[in-house]
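[1] got a predicted structure plus its sequence, pasted below:
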Amino acid sequence: MGVTGPPGPVMDRDEVDRALARLGAEHEAIETSLFALQDHAGRRLLEGARLTGATQERWAAAEQAITLLWTYFDAYTAALRGARELRARRRWSSREDLVELTELLRGESVTVPGGGPAAPASLTGPARLSDRFTLAELVERMNDLYASSLDMVVAADAVWSALPARIDLLAAELGRTRRLAHSVGVRPGEHPAGDDLERITRALTRLREEVVSDPLTYWRSAPGSSAPGGGRPDTTEYDRQARALEDVRREIDAVLTVRQDAELRLGRLRDVLSRADRTLAEARTARGEVLAKIAAFEVPAVSGPPTVLQEQLATAAEYRRSAQWHRLSPLLETLETKAEDELLRARESLTAVTQPLAVRAELRGRLDAYKAKVARLGFAEDPLLVERYDAARRMLWSAPCDLRAAEDAVTRYQRAAADAWGPRVPDQGGPADRRGES
């Protein structure tokens, strides 16, 4: 929509013809814009919708503005037609005709009825029986009315074009997710994801109702934009529910994974707990052997089998039989951690119980290694070494074996052997004989 020039002195014929041409072009542009607004899909939707809230209030004002806009346009059309008829009377307009044409084209020559409901005070000022305008003022008024009406229509249409279809698609996905959740036992009151699905369902239903009845609530105008419809639909609430649904889908996927792998994971759990039981049984047997073979050495007690874990494993198997996958999922994760911990504890218990036997074996190996070295160096028949070897061997191969005494005996044999093959200073006439020294 355009704006006419400012008022001026009496116009000549050329100025009148140029002004009429300009006003005719403006009239055509205004008419095109008005028909486009009249046929706008958003306006037709607003006319047939049950509106609430801010949209209801703004549409009521916009309807009045559109009605007033047509009233102004009709007055503008009549004034332009009168000016054209006056100019067409004579090829060469008289002075009187030019004065009248100047008044028509630049003066307050257009009278528009006022004071009715179609003339909001915010747009036309205080209500009066009639208002007088210049053609330029009338165009400016029409521009303002058109911009405010189009802004409201475009905003509502943009929200309706963007959000309801997306909400419907999300609602369809929600329905599929609910059916899948129900099939794996994820139900409201029984699993948090089931409660989340109920909450998302209520939120989407409420969101769609609000978007349809009050679309302007979900419109955010662009800062600093003066163009009609400058802004975007507010998808914050929709995005929040979409993320929540995605979280639920991931939870259900985890439950589905449990359903597919449940038997394999239960089998692994049984195997781990069985190995823990066997290891503990071996530790108990080894403890009895250690107590019989080793003296003067503290042997730790061995706990019994993990009955609590076996009970939980039985519960997990029952969950699988009854298809309670939502309960089986967290239980399996807990059991897998506890079962590995139990196997580690059993192995540590076996290691602790058999430590005295390991110490005895290490002492035996050390004693035999030193005996072999003594023989290799030619001291196998040394009486002191033979005596100390026999004493250490009797201790290590007796039952029960006093480990501390046996370790002392092995140490004494090592020292005697070291002394025997250690550095020697030869006497006059032959090698020194240090046998017999302790």
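    On my side now, so go ahead.

[2] ok, the spatially most central residue of the chain to residue 136 distance?
    Centroid-nearest residue in the chain: residue 243, 5.8 Å away (criterion: Cα atoms, centre = their mean). As judged by Cβ to Cβ, to the nearest Å, residue 243 and residue 136 stand 53 Å apart. Quick note: C-beta positions are derived from backbone N, CA and C, even for glycine.

[3] and residue 382, by the same measure?
    Distance from residue 382 to residue 136, counting by Cβ to Cβ: 133 Å.

[4] can you count the residues close to residue 242?
    Using other Cβ atoms under 10 Å, residue 242 has 19 other residues around it.

[5] repeat for the one 4 residues further on
    Residue crowding around residue 246 was assessed by other Cβ under 10 Å; the count is 12.

[6] can you offset everything so residue one is 26?
    Let's use 26 as the start, then, which means that last one is residue 271.

[7] and it, what helix or strand is that in?
    Per DSSP states H and E: residue 271 is located in helix 261-318.

[8] show me where this protein has strands.
    Using DSSP state E, the strands of the chain run over 135-138, 155-158, 244-246, 256-258, 319-320, 426-427.

[9] okay, these, which one's buried deepest?
    strand 426-427 (a mean of 20; mean count of other Cβ atoms under 10 Å).

[10] so for that strand, what's the average pLDDT?
    Looking at strand 426-427 alone, the average pLDDT works out to 82.

[11] ok, it: who's next to it in the sheet?
    If you go by DSSP bridges, strand 426-427 pairs up with strand 319-320 (parallel).

[12] what's near enough to touch residue 417?
    By Cβ atoms under 8 Å, 6 or more residues apart in numbering, the residues touching residue 417 are 388, 392, 431, 434, 435, 437, 438.

[13] from residue 445, how far off is the residue lying closest to the third one once chain neighbours are set aside?
    What sits nearest to residue 431 in space, not counting adjacent residues and going by Cβ to Cβ, 6 or more residues apart in numbering, is residue 420, at 3.9 Å. Using Cβ to Cβ, one obtains 21 Å as the distance from residue 420 to residue 445.

[14] more neighbours, the two?
    A direct count of neighbours by other Cβ under 10 Å for residue 420 and residue 445 places residue 420 higher, at 21 against 18.

[15] contacting residues around that one?
    By Cβ under 8 Å, 6+ apart, the contact set of residue 420 is 426, 427, 430, 431, 434.

[16] quick check, nearest of those residues to residue 323?
    Comparing the contacts of residue 420 against residue 323 with Cβ to Cβ places residue 427 closest, at 13.3 Å.

[17] so what's that closest one bridging to?
    In beta-bridge terms (that is, DSSP bridges), residue 427 pairs with residue 320.

[18] surely it touches residue 320?
    Yes: using Cβ atoms under 8 Å, residue 427 is in contact with residue 320, at 4.8 Å.

[19] do you know how far the nearest residue to residue 157 once chain neighbours are set aside is from residue 163?
    Once flanking residues are discounted, residue 157 sits nearest to residue 133: 4.3 Å by Cβ to Cβ, 6+ apart. Going from residue 133 to residue 163 by Cβ to Cβ gives 10 Å.

[20] so which of the two has more stuff around it?
    The neighbour count for residue 133 versus residue 163, taken as other Cβ under 10 Å, is higher for residue 163 (23 against 14).

[21] list the contacts of the more buried one.
    Contacts of residue 163 (Cβ under 8 Å, 6+ apart): 97, 100, 101, 104, 135, 137.

[22] quick one: low-confidence parts of the stretch 326-463 of the chain?
    Applying pLDDT under 70 to the stretch 326-463 of the chain flags residues 448-463.
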